[in-house]
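> What follows is a predicted structure for the sequence shown.
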Amino acid sequence: MRFKALVLVTPKPGISDPEGTTIEDAAQHLGFSGVSRVTAGRAFLVECEAGGLAEAEAVVDSMGERLLSNPVIQEFSVLELEEI
Amino acid sequence: MTVGILVFPGTNCEFDVAEAYAEIGVATRLIGHGEPDLGELEAVVLPGGFAYGDYLRPGAIARFAPVMRSLVAFAEAGGPVLGICNGFQVLTEAHLLPGALQKNAGLSFICATAPVEVVGTRNVLTREFAPGDRFDLPINHFEGNFTADGETLKRLEGEGRIVLRYTDNPNGSALDIAGIANERGNVVGLMPHPERAGMGYGLTVPARMLLESLVA
């Protein structure tokens, strides 16, 4: 079975996010009223072969922890995981 | 006596390090990222550059290079290891040093001369110095903003493991950190480039002392 996952990596709360802050400032200067917070992160689309949903989830979780994010400064979440 | 210089695809300061050691009279050997064994070495330097294009995060892919397994064994056996700039980033990703280096606070690539001060001297790099010694070193980075959780920062400070600090923080680094050491003091990571201090004119005295100390 083939699966597709969308993994989002963002800075941990409390870790400075100069990129997000700069975008936030730009949004306010450009008049996007009501924008109060922007966090910059990265998204990854991962496709994998696995025996089932649980196995695919384990692979994607492990990859998020060991490769896609640096747990010292970042956290990750799997936004979507579906069979394709 | 030979200093090994690790070369990943995208490393670009390996010859600067080799030239600096040639000036001191120390032999060097370039070691490719795919080599399974380091061989007989006095010390290892991870030079600056953009290992694996800095894809994902600086050092994130280099950490999994085959040569890293023997580097970890070398470091665990007490061998002196110095990571400069991108090399420092690789050492944090490989968990040989704590914390992480993230984008500079001002989001600018900084190429400048940075005044630094020696803090701790119980490590392979600054053992010939006294705390408070000040000198200049070149810096050249986009991701040199050292970050760690409060507990780690407290430990680094309390255990004298901050090796160098900026006297005029250029990048937002926590505690003005320019370089740190591991607990044992045999693994050091530095954002500044001692090998490039005085390049073309002869190494400056402090830069020479730092590089010599690694093989003393």
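It's in. Numbering: from 1, shown residues only, chains lettered A, B, ... in the order given.

> how about stretch B:130-138: buried residues?
Buried residues in stretch B:130-138, counted by 16 or more other Cβ atoms under 10 Å in any protein chain shown: B:133, B:135-138. C-beta: built from backbone N, CA, C; applies to glycine.

> what's the closest of the residues you listed to residue B:52?
Distance ranking of these against residue B:52, using Cβ to Cβ, places residue B:138 first at 23.7 Å.

> my guess is the closest one is in a helix, correct?
No. Per DSSP: H, G, I helix; E, B strand; the rest coil, residue B:138 lies outside any helix segment and is strand.

> so what's it up against?
Contact analysis of residue B:138 by Cβ atoms under 8 Å, 6 or more residues apart in numbering or on different chains lists B:111-114, B:192-193, B:196-197.

> Columns pLDDT and distance to residue B:59 on top of the buried residues of stretch B:130-138, output as a markdown table?
Formatted as a markdown table, those follow (pLDDT from 0 to 100; distance: Cβ to Cβ, whole Å):
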| residue | pLDDT | distance to residue B:59 |
| --- | --- | --- |
| B:133 | 97 | 29 |
| B:135 | 97 | 27 |
| B:136 | 97 | 26 |
| B:137 | 97 | 21 |
| B:138 | 97 | 20 |
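
> Between the contacts of residue B:138, identify the one with the most neighbours.
residue B:192 (29 neighbours; other Cβ atoms under 10 Å in any protein chain shown).

> doesn't it fall inside a strand?
No. Assessed with three-state DSSP, residue B:192 is coil; it does not lie in a strand.

> gap between it and residue B:77?
27 Å (Cβ to Cβ, to the nearest Å).

> How about residue B:9?
Applying Cβ to Cβ to residue B:9 and residue B:77 gives a distance of 27 Å.

> So between these two, which is more surrounded?
Set residue B:9 next to residue B:77 and count neighbours by other Cβ under 10 Å: residue B:9 wins out with 15 against 8.

> Any buried residues in the host helix or strand of residue A:44, and which?
Element membership for residue A:44, per DSSP states H and E: strand A:42-49. For strand A:42-49, a neighbour-count test (16+ other Cβ under 10 Å) marks A:44, A:46 as buried.

> all strands of the chain, in order?
Since you didn't name a chain, this refers to chain A. For chain A, strands defined by DSSP state E occupy the ranges A:2-11, A:42-49, A:74-83.

> that answer is for a different chain, and I need it for chain B
Secondary structure of chain B (DSSP E): strands at B:2-7, B:27-32, B:43-46, B:81-84, B:100-102, B:110-118, B:134-141, B:145-147, B:162-166, B:177-181, B:187-190.

> gap between the second one and the chain center?
If I follow you right, that is strand B:27-32. 16 Å (Cα atoms, centre = their mean, to the nearest Å).

> Report all helices and strands that it contacts.
strand B:2-7, helix B:14-24 (3 or more Cβ pairs under 8 Å, 6 or more residues apart in numbering or on different chains; DSSP states H and E).

> Single out the most deeply packed of those.
Of the helices and strands packed on strand B:27-32, the one with the most neighbours on average (mean count of other Cβ atoms under 10 Å in any protein chain shown) is strand B:2-7, at a mean of 23.

> can you list contacts of that strand?
With Cβ under 8 Å, 6+ apart as the criterion, strand B:2-7 contacts B:14, B:17-18, B:21, B:26-33, B:38-47, B:67, B:71, B:87, B:214-215.

> list the contacts for the residue in chain B that chain A sits nearest to?
Closest residue of chain B to chain A, Cβ to the nearest Cβ: residue B:100 (4.3 Å). Contact partners of residue B:100, counting by Cβ under 8 Å, 6+ apart, are A:70, A:72-73, B:92-93, B:146-148.

> can you put the residues you listed in a markdown table and add pLDDT, distance to residue A:57 and neighbour count?
Listed next are the contacts of residue B:100 as a markdown table, based on pLDDT from 0 to 100; distance: Cβ to Cβ, whole Å; neighbours: other Cβ atoms under 10 Å in any protein chain shown:
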| residue | pLDDT | distance to residue A:57 | neighbour count |
| --- | --- | --- | --- |
| A:70 | 94 | 21 | 26 |
| A:72 | 90 | 24 | 19 |
| A:73 | 91 | 24 | 22 |
| B:92 | 97 | 28 | 26 |
| B:93 | 96 | 25 | 24 |
| B:146 | 96 | 34 | 29 |
| B:147 | 92 | 30 | 24 |
| B:148 | 92 | 30 | 22 |
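
> related to what we said a few turns ago, and of the helices and strands packed on strand B:27-32, who's closest to residue A:54?
Closest among these, using Cβ to Cβ: strand B:2-7, at 39.0 Å.

> between the closest one and strand B:27-32, how big is the angle?
For strand B:2-7 against strand B:27-32, the angle by axes from the mean of the first three to the mean of the last three Cα atoms, to 10 degrees is 30 degrees.
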